[in-house]
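Asks: pasting the sequence and the predicted model now:
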Amino acid sequence: MKNKLLKTTFGLSRCFFIGIISLLLLPIDAVAGKLLPIEISKEESLASKPHPHFAIIHSSRNVPVPRATITGTVTDANGEPIPGATVIIEGFSQGTVTDLDGKFSIEADVGAVLVISFIGFRSERITVGNQTQFEIVLSEGETSLDEVVVVGYGTQIESRITGSIARADPEDMARVSTPTVGQALQGRVAGVFIKNQNGQPGQNKTAINIRGFGEPLYIVDGLPVDEAVFSNLNPNDIEELNVLKDAASAAVYGARAGNGVVLVTTKRGSSGDVRFSYRGDIGFQGLTMVPKVIDAWEYMTLFNMRNLDRGLGFRWTPETVAEFRAHNDGSDPENYPSVDMFDMVTRDASPMITHDLSIRGGNDRARYFISGNIFDQTGLERNVFGETDTRFKRYNIRGNLDVDVTEKFSFNFDMSYNLQDFYGPRNAFEGTDWSQGQGIFARSGRWRPFHSVVELPGGHREFPRGAPEGQTVNPLNLASADIGGSQEFNRSFIDFKLGGEYQLLQGLSTRATINYQGTSLQEKMFQKRAPEYRYNPDTETHEFVRALNADTRVERQNSQTENINFQYFLNGDHSFGENHSLTSMYVFEFIQRDFERIDASRIGYEFPIAQLSAGPPSQQFNNDVINRNKRVGHISRIAYNYADKYSLEVSARYDGSMRFPEDSRWGFFPSVSGAWNISDEGFMQNSSISNTLTYLKLRGSWGRLGFDAAGNFQFLPTFSFDNFYIFQDDLLRRTISTDGLPNPNITWEKMDIVNFGLDASFWGGMIEGTFDVFRRHRFDVLGQRILDVPPVVGAVLPQQNFQEFENRGLELSLRHNNTINSNWNYSIGGNFGIYEETVINTDEPDFINKEVERREKEIGRRVITGGRNNVNVFYLQTDGLFASQEEIDNWADIDGNGNRSIQIGDARVIDRNGDGRITDADQYIATSGTQPRMTFGFQTRVEWKGLELVTFWQGASRFGWNLTWSEFESPFPSNGVALQKDITEAYIPENEFGLPAVSASSARWPRASGRFNSDYDMFLIDGTYLRLKQLQVGYTLPVELIDGLGLRRVKVYAGGTNLLTFSDIDFLDPEIDENPRQFFGNYHPQTRVVNVGVEIDF
C-alpha cells in the first residue's frame, strides 16, 4: 500500500507541476476558457453571443495589468513601529508581515486593496494606485471589527462576515501549561465545550463539542486532520484559531462539518531581519481530585453492621475494631494497618517540561518560518520502589517557505513532523482494551484498608496481609514495569504540502495545493506473570500465593494511515462602481485515505523476553485490517458587499462519498447568509446614540450540511471469515458468514441550521459583544430499527436513514478593554451558552411505560434514555429517608411486598401517580444527561508597567451523573471495594463501635447496607463546576535593561492550571468521562500544574 501511495503522490505532484507550467505557457484567454464555467454551442461564438465574464477576460488579453511594488511602515498612534502586522491583498491569500521596524514590501496590481491589521488595533485599507510608499498608522480599539479573519478556503474582513465565527486568542492559549491545544482552548469560545477525559500522560484526549452537536471537523492550514493531530499541535505555532459554528460558515467543508469546524492557521515567515523566539517552561503536576477512602476501623464497623442486618455474626469483634481505631494514627502499621491505596500509589508531584524555539525571517521575495518543540511529561503513579515508570515525550517540527517567483507566480512549501513516545507499566492506561477495569487506579479502588503492605527483601511488597477476600492484585506491583510488565507506543505524523498561485489577470487568480499526510503507530504490550507472596508468621517465611498476571505474553500492533489531499482554486475579486464589490471562489477537492493495521501476539512465554519470536508458536495469534476511503468535492462561494453596509453570501458544496451506492453517492449542500451593518447607516451616524453605540451588525444564515457517518459498503452484501470446521474429507476448513442485511438505499445524514446573530461595540470598542441564537434540525440520521422489525427476523439489521433530532440554543460573549494611561491597561471578558436537544423520531424501546410517555408527549417532549444524544433521563423521585417503622408501614408499597424489606434509613420514594405502588409509572425527568447544557468562561487581564496578571475561569452546568457502579449501589460486593469517605454521611444508627451516628434527617445517603436503586434521583450528582483554569503573573523586562544584550524582549512568568475547583462533587473530577463504569477508580484523574517559564525574543 505504501508504494502505491508514493506512486500516487508522485503522479499527482507531476500533474500539479504540469498544470502550473501550462498556466505559464498557455495564452490567457485559452486558460480562462478552460477554467471558467462557460458553455458555447456549435451555432454560437464569442463574437455572436459574448459571455459577460468572458468579455472582460478577452478584452484584457493584450492589455498588461499594471503592477507595483508597495513599501511602507506601520506604526501606532505614538509613532512606535508595529512588528508582525499583517499586510494582505484583499480577497487573496497573498500577503506579508512587517519586520521588527514595522516595514513591509509587497507586490500588488494597481487597483488592488491592501488590508493592514494587527491584534489590538483597528485595521486599515489602502487602494494601490500611483503612490508606492505609505506611512500607515493603526489606531487602537475596535479590534474585532475590521481585522482580516481566516474563513473556509479564504479570508474575509470581520465587518463583512455573515456567519457565526468565534475567535480564540492564540497568545492566551500559549500561556497555559497544558499537554494539548484542546485543553488550552477550553472555555475560551462561546458555544464550545471541552473536557479533558484523562490526565494520563500520552492519553490526554480532549472531547470538543460545539453547541452540543458533537466532535467537530479539524482544519489546519486549509487541510483536514484527525483530532490527535490537532491536539498535539505546538500552541506557539498557532497564528489564528477560529471556530465555524453555523452552516453558512461550515458549508464549504461539506461532509463531516455538520458539527462545526475548528480552523487553525499556523505562523508563516515574514520579510525583515531574522527573529528568534524561545520559550522554556517547567511545571509540576499533581492530581486534582483523588477518592478519599475510609479508615480500616470504619470499614470494619460498616461491614459488621451489614452482617447484623442480614442476621449474620460480626466479621470483627468490637475489641478488634477498637484496637484498629486506637492505632489509626499509624503507630503500628504492620499489625493494625489502615491503608489508603490511592494515596500510596500516587506521587505528590511530577515534572512537565516544555522547550520551544522558532525562527522567522525573509525578504521581499522569500519568507520562511521554522519551529521546534519538545514536551516531556512524567507520570504520577508510584510503584513499589517509590518511583514512576510512566514517561511521555513529544517532539514537534514545523517549517514553511513562501517564494514570489515572478510578479504573478508564487509558491509555498510546508512541512510538519510530530513524534510521540510513551513508556509505562503494562496497566498504565485506565479503560483500554488491554486493561479494561484492570488499571492501577481501578485496582486501587478495590483495595480494602485493613490489608497491609509490607516490605519484602529486594524491595518488592508482599501480598495483602490476612485473608485476601477477593483481593488479587497489588497496585504497587502493577505500577512497576519491571514487575508486572510494560506498555509502550510510538506515534509519528508527517505532513508535506506544496502549493502554487498564479495571477491570471487583475481580479482573477488560480491556486493548486497537493498534500501528503502519514501517520504511523507502533504499540507493544509486555505482560509478566510476576509472583506475589504472603508472609507466614508461623514459619517466618514469605510464601508464594499467586502470579500477578495469569501468563506472560507479548502483543504488538502496527498501523499506518496515509492521506492524499489535492485542492484546486479559482478566485475572483471585482469592484465596480464606488461601493460594489464581488468576490467568488471555486474549489475542487480530492481526498484519499488509506489505513492498514497488523496485530500479532504470543502467549505462554517460558522466559520473560519481550519479543514475539521468543514465544511459543503454538500460542500465536495475528490479524490485519486494510481499508480505503475517498471523497470528492466541488465547492463554490459568491459574496457581494455594498458600501460595507450590506453583505450577501451564497455557497454550495457538491460532495461524493464512496460509502454510499452510486445513485445516492453525491450530496448537494447549499447555504445563504447576509449581514446588515446598521451603524453605517446615515440615521445611526447622525443620531446621538452613535457616540455610545459605535458598531452594530445583524447577521442571519441558513444552510444544509451532510454527514457520511456510515460504515463502508453497507449497501453491499458482505462476508467475514468465521470458525474452522472439519468436513467430510477430514480436513480443517475455514468458513465464512454474512455480516448482515445490506441497505441499498443508504445515503447522507442531513442537517439544516438556522442562525441569527448580533455584533455590537460600544464607546469606540471599550465594550464588544456578540449574541447568537440557532436551531439545528437533523434528519435522515442513521440508526438501526428495533421496534419496527420483529425479533424473529434473526438477521443483523443494517443502518437506515430514519432518525430525527433537533438542537436549539443561544450564546453570548462580552469583552471590555480599557487603557487608563501609558502604564495601566486591563481587559475583562466572558462567554455563556445554553443548549437543548429534542428527539423527534427514533426507534428505541421505551424506557418507561406508555402512560408516562403519553403525559410527556402532552407537554411536547419525546424523550429517550441514557444521555446518548444529550437528552432527558428518567428517575424515581425521593424525599429523604425513613425515620420510623410507623412511617414505613403507612408508605406506598416500594418493594412489591408490603415494604417488608424496607428499614429505617432507606429512601422514601414518592408515589407520583397516587396508585399506592412504586412502579415505573412514577418516574419523571430528573436530569438533562451527562453532556452540559450550559457552559461559561471568563477572563481578566491587568497590565502595569510590564507587570501582567491573567486569570481565566471555566465551567459548565445543567448536567449530572448517576452513581452507578459505586459503593452506593452495592457497598460490599464479593470482590470488595475501598469505601469512600462519603459513605460516612449515610444513615448510621447508634452502635457500639464508636462510629458517629447519622440520623435519617441529616444523612446524605441511605443506610450503607440497605436497598440501593440507581434509578433514585438522590443518587444523581449535579455536575455543575467552576474551575480556575489559568492563573499567571508575568513581567516583561524594560527594553533599556536588555538592549545591550542583543535581546529584543524578555518575559518571565509563573502560574498554574486547574488550581481551584468549585463543585458539589468532592470525590471525583467533574470533567471525567461520562461512562458510569469509570466513576470508581477506572480513570486517571486530571492534573493540577504549577509552572514557571521565560520567553525570549532576539
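Replies: The structure has been received and is ready for your questions. A quick note: this is a predicted structure, and the numbers were derived from the prediction, not measured.
Asks: any regions of the stretch 451-600 of the chain where pLDDT drops low?
Replies: Applying pLDDT under 70 to the stretch 451-600 of the chain flags the ranges 454-472, 535, 537.
Asks: over to the stretch 651-800 of the chain?
Replies: Ranges of the stretch 651-800 of the chain meeting pLDDT under 70: 728-729, 791-792.
Asks: hey, where'd the helices end up in it?
Replies: Here the stretch 651-800 of the chain has its helices, by DSSP state H, counting those that start in this stretch, at 682-685.
Asks: before we move on, what about the stretch 401-550 of the chain?
Replies: Secondary structure of the stretch 401-550 of the chain by DSSP H, counting those that start in this stretch: the helices cover 440-444, 475-478, 481-484.
Asks: got CSV for these, with distance to residue 510 and mean neighbour count too?
Replies: Where C-beta positions appear, they are placed from N, C-alpha and C, glycine not excepted. Formatted as CSV, the helices of the stretch 401-550 of the chain follow (distance: least, Cβ to Cβ, whole Å; neighbours: other Cβ atoms under 10 Å):
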stretch, distance to residue 510, mean neighbour count
helix 440-444, 56, 27
helix 475-478, 60, 27
helix 481-484, 56, 24
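Asks: quick one, which of those is nearest to residue 679?
Replies: Using Cβ to Cβ as the measure, helix 440-444 is the one of the helices of the stretch 401-550 of the chain that comes nearest residue 679, at 55.6 Å.
Asks: against which helices or strands is the closest one packed?
Replies: helix 341-344, helix 475-478 (3 or more Cβ pairs under 8 Å, 6 or more residues apart in numbering; DSSP states H and E).
Asks: give me the beta-bridge partners of residue 758?
Replies: Per DSSP bridges, residues listed as beta-bridge partners of residue 758: residue 698, residue 771.
Asks: distance of it from residue 220?
Replies: Per Cβ to Cβ, to the nearest Å, residue 758 is found 30 Å from residue 220.
Asks: so between these two, which is more surrounded?
Replies: Counting neighbours by other Cβ atoms under 10 Å for residue 758 and for residue 220 shows that residue 220 has the greater number, 22 against 15.
Asks: quick check: closest non-adjacent residue to that one.
Replies: Leaving aside its chain neighbours, residue 220 sits nearest to residue 264 (4.6 Å; criterion: Cβ to Cβ, 6 or more residues apart in numbering).
Asks: quick one: residue 251 is in a helix?
Replies: Yes - under DSSP: H, G, I helix; E, B strand; the rest coil, residue 251 falls within a helix.
Asks: now for the chain, the helix or strand with the poorest mean pLDDT.
Replies: helix 52-59 (a mean of 30; mean pLDDT, DSSP states H and E).
Asks: show me what counts as buried in the helix or strand just after it.
Replies: Under the assignment DSSP states H and E, the closest C-terminal helix or strand after helix 52-59 is strand 67-75. Under the neighbour-count criterion of 16 or more other Cβ atoms under 10 Å, strand 67-75 has 68, 70, 72-75 buried.
Asks: of those, closest to residue 258?
Replies: Nearest to residue 258, judged by Cβ to Cβ, of the buried residues of strand 67-75 is residue 74 at 40.2 Å.
Asks: so what's the residue count around residue 730?
Replies: Neighbours of residue 730 (other Cβ under 10 Å): 6.
Asks: just to revisit the earlier point, nearest to residue 255, of the helices of the stretch 401-550 of the chain?
Replies: That would be helix 440-444 among the helices of the stretch 401-550 of the chain, by Cβ to Cβ, at 38.2 Å.
Asks: which is the next helix or strand following the host helix or strand of the residue nearest to residue 220?
Replies: Per DSSP H and E, residue 264 falls inside strand 261-266. Downstream of strand 261-266, the first helix or strand assigned by DSSP H and E is strand 272-287.
Asks: state the mean pLDDT of that next one.
Replies: Looking at strand 272-287 alone, the average pLDDT works out to 92.
Asks: can you mark which positions in that strand are buried?
Replies: 272, 275, 277, 279, 281-287.
Asks: quick one: buried residues of the helix or strand following that strand?
Replies: Toward the C-terminus, strand 272-287 is succeeded by helix 296-309 as the next helix or strand (DSSP H and E). Buried residues in helix 296-309, counted by 16+ other Cβ under 10 Å: 296-307.
Asks: ends of stretch 71-85, how far apart?
Replies: With Cα to Cα, to the nearest Å as the measure, stretch 71-85 spans 14 Å from end to end.
Asks: give me the contact list for that stretch.
Replies: Contact partners of stretch 71-85, identified using Cβ atoms under 8 Å, 6 or more residues apart in numbering, comprise 87, 97-105, 116-118, 121, 132-140, 270, 272.
Asks: filter the residues you listed to the buried ones?
Replies: Buried among these (16+ other Cβ under 10 Å): 87, 97-100, 102, 104-105, 116-118, 121, 134, 136, 138, 270, 272.
Asks: one step back: among the helices and strands packed on helix 440-444, which is nearest residue 333?
Replies: Between residue 333 and the helices and strands packed on helix 440-444, the shortest gap by Cβ to Cβ is with helix 341-344, which sits at 11.2 Å.
Asks: next one: that closest one to chain centre, how far?
Replies: Centroid separation for helix 341-344 versus its chain: 30 Å, with Cα atoms, centre = their mean, to the nearest Å.
Asks: what comes up buried for that helix?
Replies: By 16+ other Cβ under 10 Å, the buried positions in helix 341-344 come out as 341-342, 344.
Asks: strands - which of the contacts of stretch 71-85 land there?
Replies: If you go by DSSP state E, these have 87, 97, 103-105, 116-117, 133-137, 272 in strands.
Asks: which residues touch the closest residue to residue 326 other than its chain neighbours?
Replies: Once flanking residues are discounted, residue 326 sits nearest to residue 336: 7.8 Å by Cβ to Cβ, 6+ apart. Going by Cβ under 8 Å, 6+ apart, residue 336 touches 296, 323-324, 326-328.
Asks: which of the residues you listed count as buried?
Replies: So, by 16+ other Cβ under 10 Å, the buried ones in those are 296, 323-324, 327.
Asks: circling back: reformat the buried residues of helix 296-309 as TSV; add pLDDT.
Replies: TSV is the format used below for these (pLDDT from 0 to 100):
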residue	pLDDT
296	92
297	93
298	91
299	89
300	90
301	89
302	86
303	85
304	87
305	84
306	80
307	82
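Asks: what about residue 494, distance to residue 418?
Replies: Applying Cβ to Cβ to residue 494 and residue 418 gives a distance of 8 Å.
Asks: my error: substitute residue 875 in the last question.
Replies: Going from residue 875 to residue 418 by Cβ to Cβ gives 45 Å.
Asks: now residue 407
Replies: 36 Å.
Asks: of these two, who's got more company?
Replies: Applying other Cβ under 10 Å to residue 407 and residue 418 shows that residue 418 carries more neighbours, namely 21 against 14.
Asks: what's the pLDDT at the more buried one?
Replies: For residue 418, pLDDT reads 96.
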